[in-house]
Structures are given as structure tokens and as C-alpha cells.
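**Student:** My questions concern the predicted model and sequence given below.
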Amino acid sequence: MNITEKILARASGKAQVSPGDVVFVNVDKVMVHDVSGPGVLAVFEKLRKKGMVIDKVWDPERVWVAEDHFVPAADKISAQNVVLLTNFTKQFGIKKHFKYGMGQYGICHTLSHEEAMVLPGEVYVGGDSHTNTTGALGAFAAGLGHTDVAYVLLNGKIWFKVPETLYFKLNGKLPDHVMAKDLILKIIGDIGTDGAAYKTMQFGGTGISEMSVESRLTLTNMTTEAGAKSGIVEPDQKLREYLAARGVTKYNEVHGDADAQYEKIYEYEGSEMEPIVAKPFSPENTVVARDLSSVELDKAYIGSCTGAKLEDLQAAAKILKGKTVKIRTEILPAAMSIFRKAMDTGLLKIFMDAGVVVGPPTCGACCGAHMGVLAKDEICISTTNRNFPGRMGHIESQTYLASPLVAAASAVTGKITDPRDLK
Amino acid sequence: MKGSVIKYERDNIDTDVILPGPYLKIHDYAELATHAMEGLDKDFHKRVKPGDFIVAGKNFGCGSSREHAPIALSYSGIKAVLALSFARIFYRNAVDGAFLLPIEIDESAYKDISDTDSLEVDISTNEIKNLTKNKTYKIKPFPELIGKIIQAGGLFNYKP
Ligand code: SF4
């Protein structure tokens, strides 16, 4: 069995599972945020009206809550949703609630790794489609809707169809001007937005071993854009060190067997990779960044669970140091812990000297909800993961998806720019 | 189930157009329905009638995990979406929440069914009758567990 099959076998109490089997698995951790949380509470209300008594969750220690999509509260309804969440965590004794304005808080997927909320070998589900992100910690991580999360909160288990695994092998390191974001965009361009539908995308090979945990998280994050159920990387020394730096040393690693089966193996040569951009209106609409050098921009956005980890900010700072931005540019670290590190290591000064607005962690503009949405016909280069019509604002705005290096270089020139071409 | 067809001849209809981001904070199902399909078809809510079917291409419901999407369609009156394939979270939300049926059809049925056609969908026989064109199409049967969850009326009513 491969790593995903082994995790699902253990969690369903079976000696063996195969792709296609439908199994009920015990869940180790579950997350809701300020959109899915109130959605789950609405499901609870519906069930109560049918006579069900709901006064506790299966295990409050295994539940955690993030405030990210509509904080700082965008309006009265979102303010009210946060109150709903707070009442919920108090009533059900859920202690891990990362609250806006009270120390550490941030985008849910970012907290999942920054705070080591999920550990290798675990089954983790969340009320958000990019829950896949956390698979880079060697866990099975998948997103669910409100009804399913409500079911998990009450029963501690949920059904999954054991997925087929697509294995993506990266041979050798990525060049300096290329980031994990370029690789995953390239892969999505190759296999399409339903290329991994219902499947798992596993990443391995020498290039992945050399890659930081943060970069791996960028890969697993965007497995969602290929339709995948989950993304995963096997645990190694780099991951152990990443977790140890967060005070966690005890967990049960799972590794695939030597004869593990994969539906298909794709190989990529690290040295051949180039900066890639996905054009509107689909993440599969990819071209090399250089082909778009005539595209004039209105905004650069460096934010989100995909593109605002510490390493992403460091990449942007490398480009922005001593330069001035030509278009409106926003940088929003994905969690307060990252914001602090950016401050302590001088990144914020570089950004502000370049004329960039630095904002608090939020999903707001990434999902076109608030905190800087796009106007009609505006064009944005963004380190986020989706560029569907209207995703970042007006239905006739446009988003180009890119790495933090490309986004920062483009901010400096006002046009889409390959970082190698920046003078 | 009988109803008429609202056809969108395209693939990858994502949850951002089925129910756009700004409405995610709304949890009133009837109000959500008034914004259904707004990102693609502004007139959808005026046109849709209870019992209607949506017909679409590949990967329907891709994108975010928002259950708002099947809820908005369901409370608009949509009983089933007939598509070449579905994105996984949309599919399980539709089934587990008993909002609507995600039914997989084949290329020939997809090509043949036109906007405003009247259909009769029967998941016990896995058949769709096109009453307008007097034709019958096969539908892909649900996997066993999914069929049982649908029968039970959603995940919470299903006893493993
Ligand atoms: S940052 Fe964007 S992609 Fe990530 S969880 Fe928030 S809205 Fe979703």
C-alpha cells in the first residue's frame, strides 16, 4: 500500500484497503473557520428542529477553529458570524480557537502547519477546499462541506472512497528563480483542473527531498485546483525538523511500502522548470511568464494560504529590496507568527520602503470578499490559487496566478515580469 | 422526478459562479437561492421553476467547498444536476446533505438534451426519459454506499 492507503487502512481499522473501496474512517483532527463554522451551526439547527439533541461534540480536543475569511469583520453579518463561532467554542469547550486580535491567528491552512495542529499519519478534515494543504505534513488531509463536517463533529468519523494516487516525481532541485508555485502551476497546466479528480497527488523524488516544508505546502495546497481529494508528501528529516521547531516530536509516521502502487507516475526535471503564470480564468491556463511580458497590471497581491508563508515573503523581499513598486501592491502575511518573523527579520521595512501596503492576515481579497477587491476590468497578478471569473472582485476583473518572485518582479515593472528579466 | 432543463453547455462550472464569494456569510437558505448561478447567469433565479434540472459538462461544482452552492441550487428548486462529471466536494455535499442528486450522464445524452426539454429522471431504473424528444438515456448508477445514503435521505439519516 502507498502512504494514503496505509493511513486510510489504519483509520478504518482494516488490514488492507484498495483504491475504490468506500470506508468509514476515524478522524484525528477537524477544523472549521468563520464561513464553514456558521454553516455547520446551521446544519446543527436544522437537525435540532428535527428533534436531535446536540449538546456536545465527539472530542473538543480534536477540533480547532480559525477566523480568516471575513476578518477584520467585513460588515455586520461577518461580525455576527464571529460571535456565533465564539459562542460555539465556549459552549462546546473547544479551546483551540485562533481569534483575530488576540495573538496568533491567521489563515486556517497556514495555522495547520505553523501551529502543528495536524501530525504525520493523521486523518485531518476541514470545512475548506484547500484542507489538502496540510498533506505536506505526511497526513491524509481533505476538505468537506458543512453537513459532512457536522457529521464528523458529532460522530468522529466520515466516509471516504479510497483514492487512486498520482505520483509526481521531481528530479533535482528547482533553479533559484523558480518556486514550488511554478511547478504546481505547470502540473495543473499539464493535467487540467479535473486531472486528479477524486484522486490523491503525491509528491516525491530528489527535488522534493531538497525542498523546504513550506514549498511542499504550496504544492499540496494547489492539488485542489487539479480536482484532487488530497495531496501528500512522505515524512522525512526536513519535516521532523520543521515540527521539532514547533515543539512537536511525538507522532506516528506512515510511509508507503516498497511495492506501493500508483495509478500513474509523472516525472519533472527540476533544471528544466521556468517561471509559470496561469492566465484568467482557470488555473490550468498556464504559459511561461515571459510570454506575458506585455500584460499591463493594476495590482499585485502577495497573500493567502498559497503564497504568503515566510519563505514567500522572503522571496518577494529579495526582489523588492531597494526598489519601488509601480502598481498598487499588497502583502498580507498568512498568519501573525509569519507577520512577526517578517518584522523581526526586516522584511516589513523592505516592503514599506518599496511603497507596499502590508496588511493583517485575512482571506478577504483572495476570495473577492473584502479588504481590497478588484474593480471592473482591473488586472491583478496574485500569489493565490484561483482565478475564476469574479474570484477576486468584479466578474469582469482578471487575475493572473504566479509565484511570489514573479508577483514581486511584476509589481516593480507594472507588467508581468519573469524575475530573471528584472534589471 | 419530472421537470424541464436549464442547460449550460460548458465544463468546470465552479462554485464561485454558482454562489459568488460575497454571499458566503449568508446562512439563510432562501436568501442564498436568490443569488444562485449569479456569476454565470443573472436571470437564473427568475427562470428556474421547482423541479427543474441543470444539465452541464465536465467537473461541475469545482472550486471551493462551499455547501452554499448545492444549497442555493436546491432552494431555487433544482432537483438534480445532470453532468458529465462532478467535483468531489460538490458531489458529496449534494448527497450527504440531501440537497439534490448529482447524476452522471454520458456524452451522447449531454449532446442530445436541449435547453427547455422536459425530462423524467428515474434513479431506480437508472434512466432518463426525454419527453420532448421521445428518447431514453442511461445514467451511471450510484456506488452502493452513495445509493444507500440517498435512499436514507442524507448522511445523518443513514445508519452504517
Ligand atoms: S487564503 Fe484564499 S484559498 Fe486560502 S483559505 Fe483563504 S480564501 Fe481560501
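**Tutor:** It's in.
**Student:** Would you agree residue A:305 is in contact with residue A:130?
**Tutor:** Yes - Residue A:305 is within contact range of residue A:130, at 5.7 Å (criterion: CB atoms under 8 Å). Bear in mind the C-beta positions are built from the backbone N, C-alpha and C, glycine included.
**Student:** more neighbours, the two?
**Tutor:** residue A:305 (30 against 27; other CB atoms under 10 Å in any protein chain shown).
**Student:** Doesn't that one lie inside a helix?
**Tutor:** Yes - assignment of residue A:305 by DSSP: H, G, I helix; E, B strand; the rest coil places it within a helix.
**Student:** Which neighbouring residues are in contact with it, exactly?
**Tutor:** Remark: with contacts taken as CB atoms under 8 Å, 6 or more residues apart in numbering or on different chains, residue A:305 is in contact with A:107-110, A:130, A:133, A:221, A:334, A:363, A:385.
**Student:** re earlier: now for residue A:305 and residue A:130: what residues contact both?
**Tutor:** Listed as contacting both residue A:305 and residue A:130 by CB under 8 Å, 6+ apart are A:109, A:221, A:385.
**Student:** quick one on the thing from earlier: and of the contacts of residue A:305, the nearest to residue A:54?
**Tutor:** Sorting the contacts of residue A:305 by distance to residue A:54 puts residue A:108 at the head of the list, at 23.0 Å, by CB to CB.
**Student:** these two touch, right, the closest one and residue A:30?
**Tutor:** No - applying CB under 8 Å as the test, residue A:108 and residue A:30 come out as separate, 11.3 Å apart.
**Student:** and those two? which has more neighbours close in?
**Tutor:** Just comparing residue A:108 and residue A:30: by other CB under 10 Å the higher neighbour count belongs to residue A:108, 32 against 26.
**Student:** of all the contacts of residue A:305, which comes closest to residue B:90?
**Tutor:** Of all the contacts of residue A:305, residue A:130 has the smallest distance to residue B:90: 15.1 Å, by CB to CB.
**Student:** Not counting residues beside it along the chain, what's closest to residue A:264?
**Tutor:** Counting by CB to CB, 6 or more residues apart in numbering or on different chains, residue A:264 lies nearest to residue A:166, which is 5.3 Å off, once chain neighbours are set aside.
**Student:** just the strands in chain B please.
**Tutor:** B:2-7, B:53-56, B:80-83, B:101-104, B:118-122, B:127-130, B:135-138 (DSSP state E).
**Student:** With distance to residue A:138 as added columns, please give these in CSV.
**Tutor:** Converted to CSV, these look like this (distance: least, CB to CB, whole Å):
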stretch, distance to residue A:138
strand B:2-7, 44
strand B:53-56, 37
strand B:80-83, 34
strand B:101-104, 32
strand B:118-122, 43
strand B:127-130, 44
strand B:135-138, 42
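**Student:** about what we covered before: so which of the shared contacts of residue A:305 and residue A:130 is the most crowded?
**Tutor:** Highest neighbour count within the shared contacts of residue A:305 and residue A:130: residue A:109, with 31 neighbours (other CB under 10 Å).
**Student:** Look up the closest residue to residue B:73, ignoring the ones flanking it.
**Tutor:** Using CB to CB, 6+ apart and skipping the chain neighbours, the partner closest in space to residue B:73 is residue B:36 (5.5 Å).
**Student:** Just the pLDDT at that neighbour, thanks.
**Tutor:** What the model reports as pLDDT for residue B:36 is 96.
**Student:** Pull the number of nearby residues for it.
**Tutor:** Residues contacting residue B:36 under the criterion other CB under 10 Å number 28.
**Student:** tell me the contacts of it?
**Tutor:** Counting by CB under 8 Å, 6+ apart, residue B:36 touches B:18-19, B:44-45, B:48, B:72-73, B:75-76, B:78.
**Student:** Rebuild the residues you listed as a markdown table, extending it with distance to residue B:26 and pLDDT.
**Tutor:** Formatted as a markdown table, the contacts of residue B:36 follow (distance: CB to CB, whole Å; pLDDT from 0 to 100):
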| residue | distance to residue B:26 | pLDDT |
| --- | --- | --- |
| B:18 | 14 | 95 |
| B:19 | 9 | 93 |
| B:44 | 17 | 96 |
| B:45 | 14 | 93 |
| B:48 | 18 | 97 |
| B:72 | 9 | 96 |
| B:73 | 15 | 97 |
| B:75 | 12 | 97 |
| B:76 | 14 | 97 |
| B:78 | 18 | 98 |
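**Student:** most surrounded residue in those?
**Tutor:** Comparing the contacts of residue B:36 on neighbour count, residue B:72 comes out first with 30 neighbours (neighbours: other CB under 10 Å).
**Student:** So the residue nearest to residue A:264 belongs to a strand, correct?
**Tutor:** Yes - secondary structure of residue A:166, determined by three-state DSSP: located in a strand.
**Student:** returning to that earlier point: got TSV for the strands of chain B, with mean pLDDT, mean neighbour count and distance to chain A too?
**Tutor:** Listed next are the strands of chain B as TSV, based on pLDDT from 0 to 100; neighbours: other CB atoms under 10 Å in any protein chain shown; distance: least, CB to the nearest CB, whole Å:
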stretch	mean pLDDT	mean neighbour count	distance to chain A
strand B:2-7	97	18	19
strand B:53-56	98	24	13
strand B:80-83	98	25	11
strand B:101-104	97	21	12
strand B:118-122	98	17	23
strand B:127-130	98	18	23
strand B:135-138	97	14	21
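**Student:** So which of these is nearest residue A:20?
**Tutor:** When the strands of chain B are compared by CB to CB, strand B:101-104 sits nearest residue A:20, at 15.7 Å.
**Student:** Strand partners (parallel or antiparallel) of that closest one?
**Tutor:** Paired neighbours of strand B:101-104 in the sheet (DSSP bridges): strand B:80-83 (parallel).
**Student:** can you list the residues that contact the partner strand?
**Tutor:** By CB under 8 Å, 6+ apart, the residues outside strand B:80-83 that reach it are B:1, B:53-58, B:60-61, B:73, B:94, B:100-105, B:109-110, B:113, B:119, B:121, B:128, B:139.
**Student:** Please identify which residue in chain B comes closest to the ligand.
**Tutor:** When CB to the nearest ligand atom is the measure, chain B has its nearest residue to the ligand at residue B:64, with 6.8 Å between them.
**Student:** Quick check: that residue touching residue A:129?
**Tutor:** Yes - in terms of CB under 8 Å, residue B:64 counts as a neighbour of residue A:129; the distance is 4.8 Å.
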